[in-house]
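S.K.: One predicted model, sequence on top.
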Amino acid sequence: MNTEEQKNKRSIFTKIFYHLFDEKIRYMSSGENKNIWVNYLLILATAITIFTTLGVIYILLSESYHFFKEISFIDFFTGTIWNPLIEPNTAYGVIPLVAGTLMITLGAALIAIPIGLGSAIYLTEYASPRFRKIVKPVMEILAGVPTVVYGYFALTFITPQILKPIFPEIKTFNALSASIAVGIMILPMVVSLSEDAINAVPSKIRLAAYAMGSTRFEVATRVMVPAALSGIGSSFILAMSRAIGETMIVAVAAGMRPQLTASFLKPIQTMTGYIVQVSLGDTPVGSLDYYTIFAVGLLLFVMTLALNVISYFILKRYREVYQ
């Protein structure tokens, strides 16, 4: 390879490197940098993340394709009966699974969002530093509890000990206990992210509100929360996204009966619950029942992705930049 070819090859790699790294750190590609291998490790780590995501999308699309060759999109997205496993009355309408998933998400959000936001406001505006240091580790412990434990907690304690005396007609498996357990599970996420968003607001804004005669409650609710609205809203949507994808709690506590119902006292089945049911069964690989896992998984992926995109635009639209 002559000198001209070496220069051209070097210029190609330089152009690629310039596209991969911000111009502020392009000096790292110079020969004077002794830690240039760090650049390539960072590129490798990023590439692994990207290719893993692309691999998941490819598997979902390719396997779902076999399902939609047999079942039309219209039947799948508009059907109100989901019964893919029992012949001859098979039906592939996914609406009962979607409705069950949204019921759990809505119930969990009604529990986690007000309690989480109230807790975040208390920790940032009212709690003493000593009490905050005690509560934060407790919240971290709550976030580290395995979800299957929450599921059995809902099944063996929430339903019989709390809900049964209030609603005698409630079933052993029901959407309400699962919603409460999922709400408890996502509560630390709402508290932590909302608290971080409120703490990110400059203290001079808080002090200016106090200087104008505002009470502590007015400062918290009319100044700090609106100023941190983008971060708080994003925490809500991310928590709901986590609730949509929850598996073990709903599989244990909500039941496995895909039915359209507006009652939280009856058993339901979510999309993740169905995936668990089929994955643990004797469904033969390559059968239509097997491909339903990927069709439902693809729809679940799209729903979660949509929530994350909404979170991104909320953060971008309402983000406040302070000097």
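M.R.: Arrived safely, thanks for sending. Numbers count the residues shown, from 1 in each chain.
S.K.: use CA for all of it now, contacts and neighbours both
M.R.: OK.
S.K.: how deep is residue 267 tucked in, by neighbour count?
M.R.: By the criterion of other C-alpha atoms under 10 Å, residue 267 has 24 neighbours.
S.K.: which SSE is residue 109 in?
M.R.: Following DSSP states H and E, one finds residue 109 within helix 95-121.
S.K.: who's in contact with the following helix or strand past that helix?
M.R.: Under the assignment DSSP H and E, the closest C-terminal helix or strand after helix 95-121 is helix 129-143. Applying C-alpha atoms under 8 Å, 6 or more residues apart in numbering, the contact partners of helix 129-143 are 123, 185, 186, 188, 189.
S.K.: Then stretch 204-214?
M.R.: Here stretch 204-214 makes contact (C-alpha under 8 Å, 6+ apart) with 216, 219, 223, 224.
S.K.: 10 Å - rerun?
M.R.: With C-alpha atoms under 10 Å, 6 or more residues apart in numbering as the test, stretch 204-214 has contacts from 125, 215, 216, 218, 219, 220, 222, 223, 224, 227, 322.
S.K.: biggest separation within these, which pair?
M.R.: Among the contacts of stretch 204-214, the pair separated by the greatest distance (C-alpha to C-alpha) is 215 and 322, at 23.1 Å.
S.K.: returning to what we had before: the helix holding residue 109: how far from the chain's middle?
M.R.: 12 Å (C-alpha atoms, centre = their mean, to the nearest Å).
S.K.: Equivalent analysis for stretch 209-228, please.
M.R.: 30 Å.
S.K.: C-alpha coordinates for it, CSV please?
M.R.: C-alpha atoms of stretch 209-228 as CSV (Å, rounded to 0.1, in the frame of the first residue of the first chain):
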residue,chain,number,x,y,z
ALA,A,209,-41.4,32.8,45.8
TYR,A,210,-40.9,33.0,49.5
ALA,A,211,-39.7,36.6,49.2
MET,A,212,-43.0,37.5,47.6
GLY,A,213,-44.9,36.1,50.7
SER,A,214,-45.9,32.7,49.3
THR,A,215,-46.6,29.9,51.8
ARG,A,216,-44.7,26.7,51.7
PHE,A,217,-47.7,24.9,50.2
GLU,A,218,-48.0,27.6,47.5
VAL,A,219,-44.3,27.4,46.7
ALA,A,220,-44.5,23.6,46.3
THR,A,221,-47.7,23.4,44.3
ARG,A,222,-47.7,26.6,42.3
VAL,A,223,-44.0,27.2,41.7
MET,A,224,-41.8,24.1,42.1
VAL,A,225,-44.1,21.5,40.6
PRO,A,226,-45.0,23.6,37.5
ALA,A,227,-41.3,24.4,37.0
ALA,A,228,-40.5,20.7,37.1
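S.K.: Just the mean pLDDT for it, thanks.
M.R.: For stretch 209-228, the mean per-residue pLDDT is 88.
S.K.: in stretch 134-151, what's buried?
M.R.: Neighbour counts using 16 or more other C-alpha atoms under 10 Å place 142, 143, 147, 148, 150, 151 of stretch 134-151 among the buried residues.
S.K.: Next, work out how far apart the fourth one and residue 277 are.
M.R.: The one in question is residue 148. Computed as C-alpha to C-alpha, to the nearest Å, the residue 148 to residue 277 distance reads 15 Å.
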